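*Asks:* got a structure for you, letters missing:
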């Protein structure tokens, strides 16, 4: 019930922001609205987490993926003028490499990832 009610303000915000931003900004307005709507939705979810779970070390969880995303963003920004399709194609491997270099995964997570068919195939080729 809480989750359903949490979507109500996010939906109202999303609708209002889309009506305000899309006529002037087009698809960029829709993109901005999508990101901001997720932040609006995060407020009640974060409240629920804080209320029902022990303290969550948010900075400790976020900094490595954020840094890897920043490196990925720099890669896309640097290559977009030369070849946007190439920049976008390289973005996920750059992000994944950043996560691996920063040791973002616990042993259990790495064990789960190693079961993915693509990773097993790549490992057999190296």
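*Replies:* Cool, the structure landed. Given the structure is predicted, the values throughout are model-derived calculations rather than measurements.

*Asks:* alpha carbons only for contacts and neighbour counts from here, please
*Replies:* Will do.

*Asks:* Show the subsequent helix or strand relative to the helix or strand encompassing residue 4.
*Replies:* For residue 4, the element it lies in under DSSP states H and E is helix 2-25. Downstream of helix 2-25, the next assigned helix or strand under DSSP H and E is helix 27-52.

*Asks:* Okay, buried residues for the next helix or strand after that next one please.
*Replies:* Counting by DSSP H and E, the next helix or strand C-terminal to helix 27-52 is helix 58-79. The neighbour-count check on helix 58-79 (16 or more other C-alpha atoms under 10 Å) flags 64-65, 68-69, 71-73, 75-76, 79 as buried.

*Asks:* Mind listing residues that contact helix 58-79?
*Replies:* Residues outside helix 58-79 that contact it (C-alpha atoms under 8 Å, 6 or more residues apart in numbering) are 84, 86-88, 90-92, 94-96, 98-99, 102, 104.

*Asks:* Closest to residue 42 out of the buried residues of helix 58-79?
*Replies:* residue 65 (17.7 Å; C-alpha to C-alpha).

*Asks:* confidence score at residue 118?
*Replies:* pLDDT recorded at residue 118 is 72.

*Asks:* Need the three-state assignment for it.
*Replies:* Under DSSP: H, G, I helix; E, B strand; the rest coil, residue 118 falls in the helix class.

*Asks:* burial count for it?
*Replies:* 11 (other C-alpha atoms under 10 Å).

*Asks:* Residue 82 now?
*Replies:* If you count neighbours by other C-alpha under 10 Å, residue 82 ends up with 10.

*Asks:* and the helix holding residue 4, what does it pack onto?
*Replies:* Judged by 3 or more C-alpha pairs under 8 Å, 6 or more residues apart in numbering; DSSP states H and E, helix 2-25 is in contact with helix 27-52.

*Asks:* Tell me the buried residues in the helix it packs on?
*Replies:* For helix 27-52, using 16+ other C-alpha under 10 Å, the buried residues are 29-30, 32-34, 36-37, 40-41, 44-45.
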